[in-house]
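Enquirer: just to be clear, the model below is a prediction. Sequence and coordinates:
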Amino acid sequence: MKKINNVLLYIIILTLMLTTGCGSKSNSAKEVATLESAGGITSNTSEDNAITNESANGTDSDESVNNTTDESANQINSEDDSNSLSGGILGGTEGKSGSQNNDNATEFSLVMVGDVLLHTPVSDSGLTEDGSYNYSHLFKNVRKDIEEADLALVNQEVILGGTELGLSGYPAFNGAYEVGDALVEAGFDVVLHATNHALDKGRRGILNCINYWKTSHPDIGVIGINESQEEQNNVYVREVNGIKVAILNYTYGTNEISLPSDMPYCVNLLDSEKIARDMEIAKQISDFIIVCPHWGTEYTHNETAEQEKWAEYFTELGANLIIGTHPHVIEPVKWVEASNGNRALVYYSIGNFINATSDYGRGVADRMIGTMAKVIIAKNPDGGLYIKDYSAIPLVTQMISGRGQITTYKLSDYSEELAAQNEIISRDSVFSLQYCKELCDSVFGEVKH
């Protein structure tokens, strides 16, 4: 019996030793995981690039995120339902290059191009021999840049109401649904629709456009136009490499076309009270805030006092990045500091992406030159976000009439031979490859391009 007791005692002691050993290994593994998760970008952040807003320290990303548009999933509670702050609609949860959702992700890349302006020659260029439409040629020369970005935005200048409303150019535009198909094929993730041409086809144009996006490409973020008040109250948030990015879009007006009496919410306007409310929501549900205003004065290369006022207002409220459209020509890229110390990077105007203006005279050539905003947003070791790098990549519309001919090139891929073929020369004889380069240098200065 004593021998049996000794055996039992030995077994108990051995068991305790093994259990203690396993516990020590588990703790070590946990410490390693903690050290690894503390990693991040360790490069120095200059004063110019640092994001100092409180909103840069966004919400905890530990919870899994569904790729859904269930609005109730993100609502912020309020005692008064009539004044409640609606939550954000979460967009895609996975990067285009196979990036996985990862709370330890340290950066993401963003690109945005300007106005997809469907003048009649642009619209007609998509008509194929069998009577259908295809617009992939518009984006073929920049598709690689769009696809490689973690997040790609585009300003869809005109409403896509479909052929049933009649395709039309200036002054009351309407585009084919196939333009949207080409945008998706090119790799864009978010389409901006708050422009002065949003109501060119009235209420029906808005509803046709929204229905097209929802039924044909439900995973694409479409902002700036709304089917309901509830939709307008939402702030769009897209998760990119584990970072929640809020994107806001507003226009200065709708070419004096009144909002439909039964749909006063259908287009987001530059309204200070709505913007303040949206920004408050965005700060609570995102890590980084982008504002895309449709603003400024057409065909001027300098930002206006009105643009500067809005830029400071957005920055004061917590915007980190501002990318503007509407002037149809390029304008400077600058840092803005608000009175409360917040800073934001501002692209005042990235110009047209594609157009075929019918105007003549000096300065018309400038409408052929746009830019692709390219920004790298990164995390500091402490988890705060900052703009690690940014550039303005010049683009040139190659205006050539005919089926599938008009397209856009990066200026770095453009040539004297191509420039000589551009039909804009018959409208403004100053156009040349050198002219494009000099204009970009004069507007962007020291900004990398």
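Expert: Structure's in. What do you need?
Enquirer: in this structure Asp278 contacts Val235, no?
Expert: Yes - counting by C-beta atoms under 8 Å, Asp278 touches Val235, with 5.4 Å between them. (Each C-beta comes from the backbone N, C-alpha and C, glycine too.)
Enquirer: can you pull the contacts of the residue nearest in space to the middle of the chain?
Expert: The chain has Leu153 as the residue nearest its centroid, 3.6 Å off, counting by C-alpha atoms, centre = their mean. Counting by C-beta atoms under 8 Å, 6 or more residues apart in numbering, Leu153 touches 110-113, 188-192, 247, 290, 292, 323.
Enquirer: gap between it and Asp130?
Expert: From Leu153 over to Asp130 the distance is 32 Å, taken as C-beta to C-beta, to the nearest Å.
Enquirer: is Phe353 in a helix, a strand, or coil?
Expert: strand (DSSP: H, G, I helix; E, B strand; the rest coil).
Enquirer: rewinding a little: what bridges to the residue nearest to the centre of the chain?
Expert: Met112, Val190 (DSSP bridges).
Enquirer: could you check how far it is from Gly166?
Expert: 28 Å.
Enquirer: picking that back up, and the contacts of Leu153, which are buried?
Expert: Neighbour counting with 16 or more other C-beta atoms under 10 Å marks 110-113, 188-192, 247, 290, 292, 323 as buried within those.
Enquirer: report the contact partners of Val116.
Expert: By C-beta under 8 Å, 6+ apart, the contact set of Val116 is 138, 154-158, 179, 183, 353-354.
Enquirer: could you pick out the longest strand of this structure?
Expert: strand 385-398 (DSSP state E).
Enquirer: alpha carbons only: can I get the helix or strand following it in CSV?
Expert: Sequence order places strand 407-410 as the next helix or strand after strand 385-398, per DSSP states H and E. Output in CSV follows, covering the C-alpha atoms of strand 407-410 (Å, rounded to 0.1, in the frame of the first residue of the first chain):
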residue,chain,number,x,y,z
THR,A,407,-8.7,58.1,-73.6
THR,A,408,-6.5,59.5,-70.8
TYR,A,409,-2.7,59.0,-70.4
LYS,A,410,-0.4,59.7,-67.5
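Enquirer: same for strand 407-410, what does it pack against?
Expert: Strand 407-410 is packed against strand 352-354, strand 385-398, with contacts defined by 3 or more C-beta pairs under 8 Å, 6 or more residues apart in numbering; DSSP states H and E.
Enquirer: need the winner for burial among those strands.
Expert: strand 352-354 (a mean of 28; mean count of other C-beta atoms under 10 Å).
Enquirer: sheet partners, orientation included, of it?
Expert: Counting by DSSP bridges, strand 352-354 is paired with strand 107-116 (parallel).
Enquirer: hey, C-alpha coordinates of the helix or strand just after the strand it pairs with in CSV?
Expert: Using DSSP H and E, the helix or strand that directly follows strand 107-116 along the chain is helix 120-124. Backbone C-alpha positions of helix 120-124 (Å, rounded to 0.1, in the frame of the first residue of the first chain) are rendered in CSV as follows:
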residue,chain,number,x,y,z
THR,A,120,-21.2,64.1,-76.5
PRO,A,121,-18.0,62.9,-78.2
VAL,A,122,-17.0,61.0,-75.0
SER,A,123,-20.5,59.5,-74.7
ASP,A,124,-20.6,58.5,-78.4
